[in-house]
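J.: need a structure here:
(2 chains)
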Amino acid sequence: MSAPIPKTLSTTTEPPLIRSALLGVALIFLSLFLFLPLVAVFYEALRKGIGVYLAAISDPYALSAIQLTLLSVAFAVPLNMVFGIAAAWAIAKFEFWGKSVLITLIDLPFAVSPVIAGLIYVLLFGAQGWLGPWLAEQNIKIIFAVPGIVLATVFVTVPFIARELIPLMQAQGTEEEEAALVLGASGWITFWRITLPNIKWGLMYGVVLCTARAMGEFGAVSVVSGHIRGLTNTLPLHIEILYNEYQFAAAFACASLLTLLALVILAIKTLIEHYTSTQRQPSSAGETA
Amino acid sequence: MMSRLRQPSVLPGFGLTLGFTLGYLCLIVLIPLAMAFSKAFEVSWSEFWGIVTAPRVLASYRLTFGASFLAAAVNTGFGLVVAWVLVRYRFPGKRLVDALVDLPFALPTAVAGITLTTLYSSNGLIGQFLKPLGLKVAFTPLGIIVALIFISLPFVVRTVQPVLEDLEHEVEEAATSLGAGRWQIFYRIIFPAIRPALLTGFTLAFARAIGEYGSVIFIAGNLPMVSEITPLLIVSKLEQYDYQGAAAVSVVMLIISFILLLLINLLQRWSRLRHG
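T.: As a prediction, the model looks like this:
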C-alpha cells in the first residue's frame, strides 16, 4: 500500500511531454487552417463598420442573389430527398443483382469536379449543345438562366441524402416493416408509420448537409450561370463579383451570411449526433461515417 | 425476369423505388455525363490525344495532381495527429474543436477562397509573418496547396477517428506488460490497424482536391503554365467557346475520378474487413 495505484490509462498513453507536443501540433495546424479563417470572415466583414455591413447585405443585387440561392435550394433539397428515400428503400430493403454498382453510381457526383458538372449541362442544353437548337426554337432558356442553375445544384447534391439513409436503413433491417405488413398495414402506412419515424434523424442530417452544399455551390453554378447581376447570380457568385471589384468589406459581409449558415449547420449536426448516440447507443456502435 | 434477379421479399415498392432511382440517376447524372464523352470523341483519337496532351494542359495536370497529392499528404499527417488528440486526450474546448473540424464541408468554397487569400496574402494576418521568411503563399502554387489543405482537411480525421475509437485498450495493455514501448506499440499495433482508414482518408482527400475550383481560383493567381489548375483550364476553354477542348480535358479528369472512386470503394471494403 505504498505506491499510489496509477490511473487506468497511464500504461497506455504517452509521456506528458509528447502528449502536450501532439496537442500543440494539432491545435496550431487547426488554427492556421480552420479557426483563423473562420474568425477572419467576420473580422473582414465588420472592419468598415456595421453600416457598410448592413448596406452590403441589403443591396438589391445581394437580395436577388439570396433569393436565387434559396430558390435552387427549394428545388434541390425536396428532389434529392425523394430520390434519397426511394434509393435507400430499394437498396436497403431488397437484395438484388448489381446493387454495389448502383451505390457507386449514386456516389458519382461526389467524384465529379463541380466544373465538369456545369460543363455537361452546357453541352446538353447550351446554344451549341445537343438540345440547344430545339430549345431555342421553343424559346426555352436553360443555360445562363435560372433552370440551369437549379439543375447544376441538383446534380452536385444528388448523393447527400441517399448516402445518409442507405447505411441507416441497412442497419435497421426489414423486420419491423414485415411485422406491420403481416398485421395488415398497407405499404404506404408501413412507410409513414414505421420506416419514416425510424429514419427521421438520418433524413434530417442528410437534408441539412444537402442544404449546405446547395447554398454554397460555386463551380458548377458558375459555369452555367453567365453571371448576370440581379438575374442569374447566386450568393457565392455575388461574393466573387464583389471580391473581384475590390469591394472586400461587402464581399466578406455576404460571405459572413454563408459562414453563419455553415456554423448553424455544424451545430445542428452536432446536436443530431449527440441525440442519436444517447438514444441508440448499442445499435449505433457499429456505424461508421 | 426481375424476380430472378432479386431475392423474394414481402415488402412492396421494389419496382417503383428502383425504377425511380434509376430514372432519376439517368436523367440528372448519367445522360449528361455521357454528353461529355460523346462531345470529346466527336474528333479522331489522335486529335483528342493532341488536345489532352498539349503543353498547357500537361502543366495543369502536373499542378493539379501535385498540389492535391501534397495537400492530401499534409492532411494525412496532421489529420492523424488531430484524430489522435480528439480520441485519446482531454482538453478544454475539445467538443468545439471536434465540431469545427467539419467546417470545410459546410463552408462554401468561395468563402474559403476569399478568406484564405486575405489571410495568406503578403500583408495578411498570416502572410505578413511568412513574407520575411521568403515565403509567398497567395497567388503562387503554394497558395493552391493551402486552399486544398483547407477543403480536404476533414477527410482523414473523420475516417481515422472511428477506427481509433474502436481500438481495444487491452491489446495495448498486453503489449505494455510484455515490455513494448509506446513507439513500438504505435507502429506494431496501432498503425497497422488504422492503415486502411488512413489510406481511405488520403484517397478521399486527393479525389476531392483534384476537382476543386471555387477556393483555388481566388488564391492561385491563375497564370497559364504556372498556377492554372485543370478545372480552371476547362472553364477558360469553355469561355473561349472551345467546347471540344473543354469536353476532352473533362473526360480525362472524369476517368481519373472514376478510377479513384473505384479505389475508394475497394479501400473501404478492405477497411471493413480489417475493422470487422
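
J.: Tell me who's in contact with A:Ile143.
T.: Shown in contact with A:Ile143 (C-beta atoms under 8 Å, 6 or more residues apart in numbering or on different chains): A:121-122, A:125-127, A:129, A:224, A:226. No exception for glycine: its C-beta is placed from N, CA and C like everyone else's.

J.: Quick one: residues in contact with stretch B:246-253.
T.: A:113, A:115-116, A:119-120, A:123, B:35-37, B:39-41, B:43, B:48, B:51-52, B:57, B:61, B:210-211, B:230-231, B:233-235, B:237-238.

J.: wait, I meant stretch A:173-186
T.: A:93, A:187, A:189-191, A:193-195, A:198, B:9-12.

J.: Any quick ChimeraX command for the buried ones out of those?
T.: In ChimeraX, this line selects whichever of these come out buried by 16 or more other C-beta atoms under 10 Å in any protein chain shown:
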select /A:93,190,191,194,195 /B:11,12
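
J.: If we only consider the contacts of stretch A:173-186, which is nearest to B:Asp102?
T.: Comparing those against B:Asp102 with C-beta to C-beta places A:Asn198 closest, at 24.7 Å.

J.: Please write out the alpha-carbon positions of the helix or strand harbouring the closest one in PDB.
T.: Following DSSP states H and E, the helix or strand that holds A:Asn198 is helix A:196-216. This file holds the C-alpha atoms of helix A:196-216, laid out as PDB (Å, rounded to 0.1, in the frame of the first residue of the first chain):
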ATOM      1  CA  LEU A 196     -40.100   7.300 -41.600                       C
ATOM      2  CA  PRO A 197     -40.000   7.600 -37.800                       C
ATOM      3  CA  ASN A 198     -37.000   5.300 -37.700                       C
ATOM      4  CA  ILE A 199     -35.000   7.300 -40.200                       C
ATOM      5  CA  LYS A 200     -36.100  10.800 -39.300                       C
ATOM      6  CA  TRP A 201     -32.700  11.800 -37.700                       C
ATOM      7  CA  GLY A 202     -30.700  10.400 -40.600                       C
ATOM      8  CA  LEU A 203     -33.100  12.100 -43.000                       C
ATOM      9  CA  MET A 204     -32.800  15.400 -41.200                       C
ATOM     10  CA  TYR A 205     -29.000  15.200 -41.200                       C
ATOM     11  CA  GLY A 206     -29.000  14.500 -44.900                       C
ATOM     12  CA  VAL A 207     -31.300  17.400 -45.600                       C
ATOM     13  CA  VAL A 208     -29.000  19.700 -43.500                       C
ATOM     14  CA  LEU A 209     -25.900  18.600 -45.500                       C
ATOM     15  CA  CYS A 210     -27.800  18.900 -48.800                       C
ATOM     16  CA  THR A 211     -28.900  22.400 -47.900                       C
ATOM     17  CA  ALA A 212     -25.400  23.500 -47.000                       C
ATOM     18  CA  ARG A 213     -24.000  22.200 -50.300                       C
ATOM     19  CA  ALA A 214     -26.800  23.600 -52.400                       C
ATOM     20  CA  MET A 215     -26.400  27.100 -50.900                       C
ATOM     21  CA  GLY A 216     -22.700  27.100 -51.200                       C
END
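
J.: show me what contacts A:Ser100?
T.: B:Asn265 are the contacts of A:Ser100 under C-beta under 8 Å, 6+ apart.

J.: Name the secondary structure element that contains it.
T.: helix A:99-111.

J.: Now whatever residue of the stretch 51-200 of chain A ends up closest to chain B, what are its backbone angles?
T.: Using C-beta to the nearest C-beta, the single residue of the stretch 51-200 of chain A nearest to chain B is A:Ser113, 3.0 Å away. The phi and psi values for A:Ser113, taken as degrees, to the nearest 10, are phi -60, psi 140.

J.: Mind naming the longest helix for chain A?
T.: Looking across chain A with DSSP state H, the single longest helix is helix A:60-93.

J.: Any part of it near chain B?
T.: Yes - using C-beta under 8 Å from any C-beta of the partner chain, helix A:60-93 reaches chain B at A:82-83, A:86-87, A:89-91, A:93.

J.: Show the pLDDT at A:Gly129.
T.: Note for A:Gly129: predicted pLDDT of 83.

J.: so is it in a helix, a strand, or just coil?
T.: Of the three states, A:Gly129 takes coil according to DSSP: H, G, I helix; E, B strand; the rest coil.

J.: just checking, it touches A:Ile120?
T.: No - counting by C-beta atoms under 8 Å, A:Gly129 stays clear of A:Ile120, with 9.5 Å between them.

J.: What residues sit buried inside the helix or strand harbouring B:Ile264?
T.: Following DSSP H and E, one finds B:Ile264 within helix B:243-275. Within helix B:243-275, the residues that qualify as buried are B:243-254, B:256-257, B:260-261, B:264, B:267-268, B:271, B:275, counting by 16+ other C-beta under 10 Å.
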